[in-house]
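Chemist: need a structure here:
(one chain, ligands or ions: 1)
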Amino acid sequence: MIRRKDTMNKFVELISQEVSKAFTAAGYEGGYGIVTVSNRPDLCEYQCNCAMKAAKLFKKAPIAIAQDVAAQLNGNPMFLSVEAVNPGFLNFKLNACACKDYIEAMRTSERFGAWQEETPKTIVVDYGGPNVAKPLHIGHLRSAIIGESLKRIYRYCGNNVIGDIHMGDWGLQMGLIIAELAERQPELCYFDPDYTGEYPTEAPFTISELEEIYPAASAKSKVDEAFAEKAHTATFELQDGRRGYRAIWNHIMAVSVADLKKNYANLDVDFDVWLGESDAQPYIPAMLEDLKARGFATESDDALIMEVAEETDTKEVPPCILVKSDGATLYATTDLATMVQRMQDYNPDKMLYLTDKRQSLHFEQVFRAARKSGIVRPDTELQFLGFGTMNGKDGKPFKTRDGGVMRLERLISEITEFVHDKVQENQIVAEEERAATARLIAMAALKYGDLSNQPAKDYIFDLDKFAAFEGNTGPYILYTIVRIKSILSRYGKEADSLPIAEPVCSEQKELMLTLSRFSDNLSIAYRDNAPNVICAYLYDLAGSFNKFYHEVKILAETDQAKQEGYIALCRLTQRVLETCCDLLGFSAPEKM
Ligand code: ARG
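Modeler: Modelled structure (predicted):
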C-alpha cells in the first residue's frame, strides 16, 4: 500500500501482519490473521478470533489451528505471550520493547504518524448557516460545533478543506426589515425612488436596533396582511436590484456580519469563506436556462420544477421546485446555484452539509437534482449530515427559563458564569486569569457535551453534568491536561527531547497501548463523521493516564532513567490529549 510521508502503520496492523505470517507459515491462509483490541483486557491485550473461521475451511478443530499459529509465533519479538485458548481464541500480550519502539516512533513523527488520506481531497464543509439579521439561536449551535470539529478532522487527515458559513442573507427577513424601516422612518433617502445621490456609509440602525426590528416586523406580518404584502414586495424589489433597498441590504449585512463574527469568534468557530445565499444569485439565471435547454427543468402550473423521484423510492420524493409561479426562486434553487459556484471556484471532491435532520428531504432533492443534471461531477461526493435536537431536561427543545428561544450569546454567558463560580471557589486560579479560564472550561463543557453524542441523536443539555470536573466531561479532560502541565512544570527540566522508555508497570504499559490507538480512532472519526469517537478516545486516554498517575510516583522517583521514561510519556500524553481537544474545537488552560 502507498502511504503518505510520515504516516505509520497502525499498531494493530503491525500485529496483524505478524499473525498473518504465522497463519501462512502454519499452512493456513494469511487472511485469517485479523487482530483486534482485546474485549477481555483482564486476559490479554489483543486477540484474534479467526481460527474459528478457518476451522470450517480446513476441517480441523479451531483450537488445533490456534495452537499451530501460536507455535509459529513462539519467540517472535513482538509478543510477551501468545496463548491458544478454548474454543480457538488467540490471546496476545505485547513485548515491552515492541510497545516502546512504537510509541517512540509516534513521539518523533509529525502528527504522531497518524493515518492520512492517501491523496488529499478538496472538501467544502457547509456549516453554521446563520440567518442574517436574526439573532443566532441554539439551533445554529450544533451546526457550528459539529461542523467546526469535522472541518478540523478532515484537515488533520490531510485534506484541503474550505469551511463556508453559507449565511441565509437573501430571504424574506430582509424584506420584512425594509418594510418595517419604511414605516418607521419613511423620510430616509433609501425609500425615495427619485434619489440619485450616494447613500450614507453609516447604517441607519445598530445591531440591537436591528435585532428589535426583525422580530417586530415578523410578528406584524402575521397579523397585518397589508404589511406582509409590503414585505414581500420589498423582498422582490431588493432581489430585482432596487438601488435604495440594495443599500439597506448592504447596511444590514455589514452590521450583522460584524456581530456574527464576534459570536463565532467567541465560540472558537472560524470559517474560511463568508459566502451566503446572495452570492449564489448571479449563477441562477444561466443555470435555469441550461436546465431548461437540456430538458431537466419543466414547466408545471406556471412553476419551474425538476423531477427527482426514482423508481426504487419507497417514500415519495416530490420534485424540486426551482421557480414558483410568482417568479420567486427558492431554497433549493439557491443551493443548486451554490453548487455551480463551488464547482467553478473549488472543483471539490466532496461537499458536506450540516443542518438539523429535518432538512434531510431538501438535501435529498437537491443532491438528486445536482447529480441528474451534472451540476456536480459524478465522483464529487455529496453528503448531508443531519443532526438531532439539543433538548432541555424536560426532553423538549432547549428554551430559556421563561420559555423563549435561547439565544446563543446568552447560553454561552450562562455556562461561563456557572463555571466561573466553580473556578472562584477552587481558589487555584489567580483572579486576573479567572475569566479567561472560565471561558476555556465553558467551551470544553459545551462542545464535549455536544460532540460526545452521535451527531444524529437528540441529547439533553444538562449544565450540572456537562460542567462537572469529574466523569465523562470536557472539564475532566482539561483537568487531566492541567495535571500533566503541573507535573511537567514541577519537573522543571526540558521534557521534549526525552525518549520513551520500556514500561515498568502494567499501568504504564496500558497508557502506552491507549496512546497507540490514536490513529485508529482518528480514522474512524473521519470515515464516519463522528467526533464522538474522538471524545470516547479522549476519555479512555485521560482514564489510562490518571490510572498511571495514581500508580506511580513520578516526581518522587529516584531512578533517573525510570523518571525520564515517565516524564516522556506524560509529555506525549499531553500532546495527544491537546491534539484531540483541538480536533473538537477547544483547549486547556494553564491551571484550573
Ligand atoms: N440558513 C439555513 C437555516 O437556518 C441553513 C443553511 C444550510 N446550508 C445550506 N447550504 N442549505 O436553516
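
Chemist: point out where this structure drops to low pLDDT.
Modeler: Within the chain, the stretches with pLDDT under 70 are 1-3, 5.

Chemist: for it, which residue gets nearest to the ligand?
Modeler: The chain approaches the ligand most closely through Gly129 (2.9 Å), counting by CB to the nearest ligand atom. (Glycine included, C-beta is placed from N, CA and C.)

Chemist: neighbours of that residue, just the number please.
Modeler: With neighbours defined by other CB atoms under 10 Å, the count for Gly129 comes to 22.

Chemist: show me what contacts it?
Modeler: For Gly129, the contact set (CB atoms under 8 Å, 6 or more residues apart in numbering) comprises 140, 143, 165-168, 354-355.

Chemist: what of Gln239?
Modeler: Per CB under 8 Å, 6+ apart, neighbours of Gln239: 170, 281.

Chemist: ok, which stretches of the stretch 51-200 of the chain are helices?
Modeler: Counting by DSSP state H, counting those that start in this stretch, the stretch 51-200 of the chain has helices at residues 62-73, 96-108, 139-156, 172-184.

Chemist: most tightly packed of these?
Modeler: helix 139-156 (a mean of 24; mean count of other CB atoms under 10 Å).

Chemist: inside strands: which ones of the contacts of Gly129?
Modeler: Counting by DSSP state E, the contacts of Gly129 place 354-355 in strands.

Chemist: buried subset of the contacts of Gly129?
Modeler: Listed as buried from the contacts of Gly129 are 140, 143, 165-168, 354-355; burial here means 16 or more other CB atoms under 10 Å.

Chemist: spit out the contact partners of Leu73.
Modeler: Contacts of Leu73 (CB under 8 Å, 6+ apart): 18-19, 22, 79, 82.

Chemist: out of these, give me the one that has the most neighbours.
Modeler: Counting neighbours by other CB under 10 Å, Val19 leads these with 27 neighbours.

Chemist: would you agree that residue is in contact with Leu90?
Modeler: Yes - Val19 is in contact with Leu90 according to CB atoms under 8 Å; the separation is 7.1 Å.

Chemist: okay, and the common contacts of the two?
Modeler: Counting by CB under 8 Å, 6+ apart, the contacts common to Val19 and Leu90 are 48, 69.

Chemist: can you tell if stretch 275-282 touches the ligand?
Modeler: No - applying CB under 6 Å from any ligand atom, one finds stretch 275-282 separated from the ligand by no less than 7.6 Å.

Chemist: any idea which helix or strand carries Asp335?
Modeler: Counting by DSSP states H and E, the element that carries Asp335 is helix 331-345.

Chemist: report whether that helix contacts the ligand.
Modeler: Yes - using CB under 6 Å from any ligand atom, helix 331-345 comes into contact with the ligand via Asp335.

Chemist: which non-adjacent residue is nearest Ile123?
Modeler: Nearest non-adjacent residue to Ile123, counting by CB to CB, 6 or more residues apart in numbering: Lys350, 4.5 Å away.

Chemist: got it, and Asp335?
Modeler: Val366 (4.8 Å).

Chemist: show me how far the strand or helix carrying the one you found is from its chain's centre.
Modeler: Here Val366 sits within helix 360-373, counting by DSSP H and E. Centroid separation for helix 360-373 versus its chain: 23 Å, with CA atoms, centre = their mean, to the nearest Å.

Chemist: what's the answer for stretch 240-260, then?
Modeler: Going by CA atoms, centre = their mean, where stretch 240-260 is centred and where its chain is centred differ by 31 Å.

Chemist: residues of it that come out buried?
Modeler: For stretch 240-260, burial by neighbour count (16+ other CB under 10 Å) applies to 242, 244-249, 251-253, 255-257, 259-260.

Chemist: who touches it?
Modeler: Against stretch 240-260 from outside (CB under 8 Å, 6+ apart): 130, 132-133, 136, 165, 167, 169, 174, 177-178, 181, 189-193, 195, 199, 203-207, 210, 234, 237-238, 274.

Chemist: how about the residues of the chain by the ligand?
Modeler: The chain comes close to the ligand at residues 126, 129, 131, 166, 168, 335, 353, 355, as judged by CB under 6 Å from any ligand atom.

Chemist: grab the nearest non-local neighbour of the third one.
Modeler: What that stands for is Asn131. Nearest to Asn131 is Gly168, by CB to CB, 6+ apart, at 3.7 Å.

Chemist: the one you found reaches Pro130, doesn't it?
Modeler: Yes - Gly168 is within contact range of Pro130, at 7.0 Å (criterion: CB under 8 Å).

Chemist: just flag the most distant two among the residues of the chain next to the ligand.
Modeler: Farthest-apart pair in the residues of the chain next to the ligand is Asn131 and Tyr353; separation 15.8 Å (CB to CB).

Chemist: who are the contact partners of Val376?
Modeler: Val376 touches 339, 343, 351, 370, 382, counting by CB under 8 Å, 6+ apart.
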